[in-house]
Every structure is written in structure tokens, then in C-alpha cells.
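>>> Give me coordinates for this.
(one chain, ligands or ions: 2)
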Amino acid sequence: MASNVYRNGTGSHKGATRPLAASNSSNVKSTSYKSRIPPSNHSPGSAPLRRSNSAGGSDGVPGRVRVAVRLRPRNAEESVADADFADCVELQPELKRLKLRKNNWDSETYEFDEVLTEFASQKRVYEVVAKPVVESVLDGYNGTVMAYGQTGTGKTFTLGRLGEEDTSARGIMVRSMEEILANVSPETDSVSVSYLQLYMESIQDLLDPANDNISIVEDPKTGDVSLPGATHVEVRDERDFMELLRTGEAHRIAANTKLNTESSRSHAILMVHVKRSVLGAEDVIPSETDKSSHFAKPPKPLVRKSKLVLVDLAGSERVHKSGSEGHMLEEAKSINLSLSALGKCINALAENSAHVPVRDSKLTRLLRDSFGGTARTSLIVTIGPSPRHRGETTSTILFGQRAMKVENMLRIKEEFDYKSLSRKLEIHLDKLIAENERQQKVFDDEVERINLEALNRVSEVERNFAGALEKERLKCQMEYMESVKKLEEKMIENQQKHGCDGFMQDKCNGEGPGSSIVEDVAEVKKLLEKEIHMRKEAQEEVNKLKSQLGQCPDSGEGGGSEILKLQKALADEVLQKKKLEEEMIILRSQMLQLTFEADQMRRCLGRNGSANAYGGLDSPMSQVRGSLNGHKTPVAALFEQVGLQKILALLESEDANVRIHAVKVVANLAAEEANQERIVEAGGLTSLLVLLRSYEDENIRRVVAGAIANLAMNETNQELIMIQGGINLLSVTASRAEDPQTLRMVAGAIANLCGNDKLQTKLRSEGGIKALLGMARCGQPDVLSQVARGIANFAKCESRASTNGIKSGRSVLIDDGALPWIVQNANNDSSPIRRHIELALCHLAQHEVNAKDMISGGALWELVRISRDCSREDIRSLARRTLNLSPIFRAEMRRLRIEV
Ligand code: ADP
Ligand code: MG
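Ligands and ions are numbered 1, 2, ... in the order given. I've put the predicted structure just below:
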């Protein structure tokens, strides 16, 4: 046998029909090895043999079609029929060789990738033929396992045995599915199956027999072949699959019965679609915020779609026998068509032919990827041992040999898994949303906490502030009460003083002032009458003496001296008369003064000694005028009885006592508007100013200032005062005065002058504003009220001048430093002071030039307060309007978030 083998090998054919394995060999061993196709290697990278028409791109790996040969054991019939004959083949599995006996002395040796003897177990067959393909399919490559051979040689046995009774008998289909199902993950992967039969160029669905003309669809871009019309059944476990195979088998039998055909004449195709999710690890985009896992981008999901095609071909004998043996032409043609087309394609591929007639049949179209495509393909050729079928066996072996030369270019089909990506992104998004919600909650809690803390602090500060305010209020109240007490004491002291002077004797005695005054007046009247009477008597005496003198004209020397005596007496009398007249005027003025003071006292007592006895808002004149109401008759009487000229002349009297009384009288007269013009005409104003300049006595200055203040009510007088240097005089008086009453009078006079539009410049240049502000030092509310009135008057005139375009630039009040005092007293407790200052602020605020200084000086706050809190609606709305009209104030309020 061995020699045969050897001889057969050496005598191998060199004919054209011989397979590659034998064609070049001169020495079996060496030739066999030499001629042998490069050892098949399951590792795709090991055989870099490229085909010109390979489907592989740059990312493909070469993978030759692997071919195994399996010998079926003799069956019962063969055991009997061929008992005397040796098998037509001899296998050398360890050498992966097969010797085909041509006759008793000649044989051919062929090498295969695997040589499986009649004893080879189904498990071993699976492992060497199908397992590498299945593994590739699980890796994402397409795969094909196909059985080729003569009917009855064991194709179906090898591929399709279910092995239900005997597990070891399970064929490649069952075992492949088992392996696939064991390796996929049900969560991310899916496996579905189609089972088809190709008969007479028509594709039938073995899972849905009614579906018997399924068309093949080829993707023009990728060249992928699919059968969209075929049933795809998702398979989750082996039971599903076995059930499916049984159904398919049953349908195959039924279909074949119906078509009056045999299974051996049709091709059975099981397609297993495997879809697996993989993570494109190399595509993970590194995130800058990788530290926190929930911000990391999810890896790019990929899906690998692969297909395992298991083909149980129709019996190969038909290729040779059809037609010649008188089979039905059509069937023969069809079966032939697919199988012979397959043979032609494999030949073309094996020979690297430029044209591969893939499109000639449905089978070749379906298997386009399996031969010369991107799939890993294993072919198992089955042969029988019987020498009677040597021809079929030979052609099967040659088919296998040619197929071994077909080189595929394996390529993974990976797709971007949008669904999975979207799912993953959704999960990622949900995580982010949850995280965001958590963070939002933390943030909200924090904000709430801070708010609460702030509120607590605010209320604490408010509490503290309220406490401090209350303390301050109590302190002020105490101080106020203290000062009221002091005032009362002072008043009592004054009253006592007056009492001692004799003016208030009656009051000190607790009697009504009216009666004491009346008595005084009566007494003075008596005195006056007595004086008049005495004057009359003196006059009569003079007349008598004159007549006596007439009666004795010739009395001589003695008479002349008598005349001289009499003349002297007369002169004395005249002097006496003059004195008496003066005394009378003084007495009258005293009476008037008494009447005035008595009235004041009455008013004072009528108001229970209130500090407001001299009503702050009232001008000195109005007070005096008020005090004189009802007493016009004595004043008028005085005027009429004495004459203004005489009274004014008394201002220059040598007697100080007379002067002071005269001043008082003039002041009282000046309090009445009707007299003012006459006083001025008569030169009273000039006399008063002279007095103010020349007298050191503060009493006189106080009264003079009062008189000037009263005269300064009149516009013409104001100008006269100014012309005669009155402002300067008043300023000097103001700077020297200590007595609040003097200051009140001077301030009142200047305040009146402040209200004259024409005098603004002069008033200021002569130090009127400074004098006014200087008087505020005394702090006495009545004085402050006059100061505030003056400032308000001045601000009003100035505002008017600015509006009329007469004045430009900043307020002189601000220039003269009045603003701090204004701001400081804007909320003075005394309402007259407050009102004047509020008005002054409104006037100042009406001009943009003042705005900046007002803001920096804190006046804006006062204006805002006025616009909100002022009890007088007109001032409140004036302040509001003024603030809203000024762009500078508006901007500042916006900045300070103040709204009015
Ligand atoms: P085919 O499908 O090629 O027409 P089958 O698979 O139907 O052939 O096999 C024909 C017969 O041979 C069947 O009865 C089968 O059981 C038997 N047979 C095939 N191969 C073997 C084998 N390796 N061992 C035992 N019996 C086999
Ligand atoms: Mg079969």
C-alpha cells in the first residue's frame, strides 16, 4: 500500500485537469509540500496574499477558503456490495492527505486543510471545520460553512443533524448556534435566524412556506446581500433554535413533497444574523472634567453585524448526471445552474480570473461574500468510500482542491450604533439632570440659609437701632425738659427783675397786670396834668409880670435891673418849659412802653410761659404789630400829641434815658406799616442806623435792630438800608451780640433783606450770608428760625435769578458754606426751622449746578426724606418733582437704589 501510495504520488498527473496539489509534483512528499497551499492559518494576519478582486479594503485581512474532506463510513449496502473492493480513497489524516485510487496500481494524492476519516466524531468535525468560522462571526466577520458532495455522502449528517436522541450526533448547525448563543449577551446583542431553501432558482422561506419567492437584494455601495423578504426569527436560547430547525425541516419535507422533489435536489441555507454591541474604546474622547465621572463622555458605541451562512448544498452528482441521464430539463438546468455557477466562480477565483460570474445564479449571488468576499469560509467536502462512485468522488475532491485556492479578504462590519448611543446619552443626560437637580437643591438651601441669616441680622440691627433711638429720644426729652425748666426759671427771674424795676410790681404781688398799668397810667396822667397846670400857672405869672412891667415903664435905674431880673426869670421859665415838655414826651413814651410790655406779659402768661411765646415763624414786626393790636389809640395819640419829628429828635437827645425811650417808641411805631413810610421820610431810618453804629449799649442795639427789622419789611426800605451800609452794620452787630433777642432781631432784619431779588449780590458781598450763618451759633430756636427764613428767602431769589438766566453757576449759599448747616438742620425738631430749610433745599435742588455738591454734602438724603415724610403736601411734591427732574439726582438715586 505504501509503495502504491508513493508510486501513485510520483506518477501523478500533470494533465490540465489535475489539481494544483498534484500538477507540479515529481516527488510526492516534497512536491506535496511544495505545492501545498501556504499552510492555512486561522490567524487572519498570517497570509498576506491579496487578490486583485478581493473585497478587502485597507482594513481587511486575507483569509483563504479552508477545505476539509470527510469520508462517510460504508453503509450496510456498501459493506455488502463492495465487500470485495477496497475503498476508492485512502486517508492519511495526520498528513492531511487523501489518496484517490484510480485503480489497483495508480492513485492520486491530495492535500486538504483537514482530512476527516470515517471515524471522525461530529464534535471534532465541528471544531476543525466550523468553530474557527463561528469564532470569527462572533468577532464581527461574516462566515460561511458549506457542505459539498454527492447525495448520500453525509452533507446533511455533517451540517443538519439535530442529535436529539444522541447529543454526540449534533451537527454543525446546532453546535454553531450553541456556541453563538453561549457567547452573546442578551442585554446588548441579538441573534436572529432565517432558514431558506433554494430550488430551481427560487428561494423559499422554510420558516414561512407561503413565502416562496424571496428576492435577493444587493446593496450597490457595500455589495452586501440580504433577503429582506425572509422571516427573521430572534433566537434567545437553544430550545428556540431547535424548534426553529425542526419547523424548517418539516417545511422542507412538506415543500419537497408538494413540489415532488427531494431534499437532495435543493440547497438548504441557514442564515444566522449576529448583532453585537462593542465599545469603540479607541474613540473615547477624553474629557477635561474627567475627574468627576458623571461628566465623562460615554464611549462611542459601535455595533458589529455579522452573518453566519450554513449551506447544505444539493447533491453534486446532478452537475454531472443531469441532462445526460434524461432528467427533466428544467430541474436539471436549475440545479445545474446554481452548482455549476458556483464551480465556475470558484474556478475563476482560484485562477485569479478577471471575471467571476457571480451573477449567473442565485446561489452564487447569495454566496458572493463567501467566496472571494469578506467572509471567513470553510468548505467541507463529503465523499463516500465506494469505488462505484469514484467519478463523483473525484469531481468532489477536485472541487475542494480548487476552492482551497480562493482567497477572501476578511473584514469586520462595524457600524456606529446610533440607537445605543442615543440610549446611553439619555442615561447620561438623566444622570446629569439628577445631579443638576441635586446641586440646585443645595444651592436653593444655601440661598435660603443666607437670606435667613441676613434677615436675622437685619432684625438684630433694627432692634439695636430702635433701642439706641429710644435712648436718644429719652435723652433729648430729658434735655428738652431741662431746658424748659431753665427757661421757666429764667422767666421767673426776669419777672422778678421787672418787678424790682417797678414795671411789674403788680404782677409780683399776684394782682392782674391790667389794674397796675391803669394805675400807673392814671398816676402819669395826674403828673402830666399837674405839670400842665404848673405850666399854665407859670404862663399866667409871666403874663402878670409882663403887664406889671408895662404899667411902670418909667421906673428908671431900679426898673432896668428889675427888667433884667424878669428877663432872666423868663429865660428860666422857657428852659423849664422845654424840660417839662421833654419830660412829658418821655412820660408818654414810658406809658406807651408800659402798655406794650404789659401786653407782651399778658400774652406770655396767656401761653403758660411756653417757649413759643414769640412764635418762630413770625417776623419781629408781626409780633410787635400783634402786640399792639387794640392799642393803636395810645400810639396814634402819641403820634398826634407829640409829632414824629419830635420823637425822632429825641433819638439824638443828650440824655441816654431819653434816647432809649425814644428808640423804643420809634421801634414800636415802626411795627405799624402805616407809620413806616413816615418814619423813613422823616429820616428815622438814618437815625436808627446811626444809633446802631455808635452805641455800645446792647439794649439800644437790640431795640434799634428790631426797628430796622420792622422797616426792612418794605422793599424800598430794604434798598435804603442797603445803600446806607445797613448790611455791614447788621453784620457787625450780629458778630458782637450775645443776647439771643438781639440776634433774633438782626437775623430777622437780614432775613427780610434776603428776600429782595435786587440785593442778592450786595447782600452777599457785604457778608450778609456769613453773618446770618454766624448767628446760628447761638442755637436758640427763634434765632435759628430767622436764619433759616433768610436762607430760604435767599435760595428762592437765587433760584429765580438762575431760572431767568440772570445768575449762572453754583449757589452762593454753597460757596459761602451754608450747605452743611442746611443739611444739619433740615430735620430740626422745630417745625418753622424745618419748613424754611426744606424750602431752601428744594430751591437749591432745582439747579443742576448744585446737584453734585448737594449729593456730596448729604442733601440728597434730606430731599428724599422731604419727598417722603414732609407733612406738607406741597413741599413733599415739590421735592419729589425736583428730584425726578434732575438727571444727576436721578442717576445717584438709581445708583443708591432709592425710589421716590
Ligand atoms: P447527503 O445529505 O449528503 O445526501 P446524508 O447526510 O443524508 O447524505 O447521509 C446519507 C446517509 O449516510 C444517512 O443515512 C446518514 O446517516 C449516513 N451517514 C452519512 N455520514 C455518516 C457518517 N459520517 N457516519 C455515519 N453515518 C453517516
Ligand atoms: Mg442531504
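>>> Every contact and neighbour count from this point should use C-alpha atoms.
Will do.
>>> where along the stretch 201-350 of the chain do the helices fall?
Applying DSSP state H, counting those that start in this stretch to the stretch 201-350 of the chain gives helices spanning 238-258, 317-321, 329-350.
>>> meant to ask about the stretch 601-750 of the chain, not that
For the stretch 601-750 of the chain, the helices defined by DSSP H, counting those that start in this stretch occupy 620-628, 632-642, 644-650, 656-670, 673-681, 684-694, 698-711, 715-723, 726-736, 740-754.
>>> by contact count, what packs against the last one?
The one in question is helix 740-754. Contact partners of helix 740-754 among helices and strands, from 3 or more Cα pairs under 8 Å, 6 or more residues apart in numbering; DSSP states H and E: helix 698-711, helix 726-736, helix 760-765, helix 768-775, helix 781-803.
>>> hmm, back to that, out of the helices of the stretch 201-350 of the chain, which gets nearest to ligand 1?
Closest to ligand 1 of the helices of the stretch 201-350 of the chain is helix 317-321 (Cα to the nearest ligand atom; 10.3 Å).
>>> if we can go back for a sec, CSV for the helices and strands packed on helix 740-754, including distance to ligand 1?
Shown next, in CSV, are the helices and strands packed on helix 740-754 (distance: least, Cα to the nearest ligand atom, whole Å):
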stretch, distance to ligand 1
helix 698-711, 143
helix 726-736, 140
helix 760-765, 132
helix 768-775, 130
helix 781-803, 121
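>>> tell me the most buried of the helices of the stretch 601-750 of the chain?
Most buried of the helices of the stretch 601-750 of the chain, by mean neighbour count (mean count of other Cα atoms under 10 Å): helix 740-754, with a mean of 28.
>>> related to what we said a few turns ago, the helices of the stretch 601-750 of the chain into a markdown table, with extra columns for mean pLDDT?
Putting the helices of the stretch 601-750 of the chain into a markdown table (pLDDT from 0 to 100) gives the following:
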| stretch | mean pLDDT |
| --- | --- |
| helix 620-628 | 39 |
| helix 632-642 | 56 |
| helix 644-650 | 80 |
| helix 656-670 | 80 |
| helix 673-681 | 84 |
| helix 684-694 | 85 |
| helix 698-711 | 86 |
| helix 715-723 | 89 |
| helix 726-736 | 88 |
| helix 740-754 | 92 |
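>>> wait, which of these is closest to residue 195?
Residue 195 sits nearest to helix 740-754 of all these, at 117.6 Å, using Cα to Cα.
>>> quick one, that closest one and helix 698-711 angle?
Interaxial angle, helix 740-754 versus helix 698-711 (axes from the mean of the first three to the mean of the last three Cα atoms, to 10 degrees): 30 degrees.
>>> quick check: angle from helix 740-754 to helix 715-723?
Per the same axes, to 10 degrees, the angle that helix 740-754 makes with helix 715-723 is 110 degrees.
>>> export helix 740-754 as CSV, just CAs?
Taking Å, rounded to 0.1, in the frame of the first residue of the first chain, the C-alpha atoms of helix 740-754 are listed here in CSV:
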residue,chain,number,x,y,z
PRO,A,740,-30.5,136.0,71.7
GLN,A,741,-33.1,138.7,71.4
THR,A,742,-30.6,141.0,69.7
LEU,A,743,-29.6,138.1,67.4
ARG,A,744,-33.2,137.4,66.6
MET,A,745,-33.8,141.0,65.6
VAL,A,746,-30.6,141.2,63.5
ALA,A,747,-31.3,137.8,61.9
GLY,A,748,-34.9,138.9,61.2
ALA,A,749,-33.6,142.1,59.5
ILE,A,750,-31.1,140.3,57.3
ALA,A,751,-33.7,137.6,56.6
ASN,A,752,-36.0,140.3,55.2
LEU,A,753,-33.2,141.7,53.1
CYS,A,754,-32.5,138.2,51.8
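>>> returning to that earlier point: now distance to residue 233 too, for the helices of the stretch 601-750 of the chain, in TSV please.
Converted to TSV, these look like this (distance: least, Cα to Cα, whole Å):
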stretch	distance to residue 233
helix 620-628	117
helix 632-642	130
helix 644-650	137
helix 656-670	126
helix 673-681	123
helix 684-694	128
helix 698-711	119
helix 715-723	117
helix 726-736	117
helix 740-754	110
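>>> looking at those helices, which is closest to residue 584?
Set against residue 584 and scored by Cα to Cα, those come closest in helix 632-642, at 9.2 Å.
>>> hey, least reliable of the helices of the stretch 201-350 of the chain by pLDDT?
Ranked by mean pLDDT, those end with helix 317-321 at the bottom, a mean of 59.
>>> Just name whatever secondary elements the helix or strand containing residue 439 is in contact with.
If you go by DSSP states H and E, residue 439 is part of helix 418-501. Packing contacts for helix 418-501, counted by 3+ Cα pairs under 8 Å, 6+ apart, involve strand 300-312, helix 505-508.
>>> Off-centre distance for the longest one?
So the one you mean is strand 300-312. 52 Å (Cα atoms, centre = their mean, to the nearest Å).
>>> what pairs with it, and is each one parallel or antiparallel?
With DSSP bridges as the test, strand 300-312 is paired with strand 143-149 (parallel), strand 267-280 (antiparallel), strand 414-416 (antiparallel).
>>> Is it positioned near ligand 1?
No - judged by Cα under 6 Å from any ligand atom, strand 300-312 and ligand 1 are separated, with a smallest distance of 7.5 Å.
>>> so how far is the first residue of stretch 351-362 from its last?
This stretch, stretch 351-362, spans 22 Å end to end (Cα to Cα, to the nearest Å).
>>> buried residues in that stretch?
Residues of stretch 351-362 classed as buried by neighbour count (16 or more other Cα atoms under 10 Å): 352, 356, 357, 358, 360, 361, 362.
>>> Mind picking the one among the residues you listed that's closest to residue 125?
Using Cα to Cα, these come closest to residue 125 at residue 362, 28.2 Å.
>>> residues touching the closest one, list them.
201, 202, 216, 338 (Cα atoms under 8 Å, 6 or more residues apart in numbering).
>>> Which residue does the stretch 201-350 of the chain have closest to ligand 1?
Taking Cα to the nearest ligand atom, ligand 1 has its nearest neighbour within the stretch 201-350 of the chain at residue 264, 5.7 Å off.
>>> didn't that residue look like it was pressed against residue 314?
Yes - between residue 264 and residue 314 there is a contact under Cα atoms under 8 Å: 4.9 Å.
>>> Touching both of those two, which residues are there?
Shared contacts of residue 264 and residue 314, counting by Cα under 8 Å, 6+ apart, come down to residue 151.
>>> more crowded one of these two?
Set residue 264 next to residue 314 and count neighbours by other Cα atoms under 10 Å: residue 314 wins out with 28 against 20.
>>> any idea how far residue 770 is from residue 764?
Separation of residue 764 from residue 770 (Cα to Cα): 8 Å.
>>> show me what contacts the nearest residue to residue 760 once chain neighbours are set aside?
Using Cα to Cα, 6 or more residues apart in numbering and skipping residues adjacent in sequence, the residue nearest residue 760 is residue 754, 6.8 Å away. Under the criterion of Cα under 8 Å, 6+ apart, the neighbours of residue 754 are 760, 763, 790, 791, 793, 794, 797.
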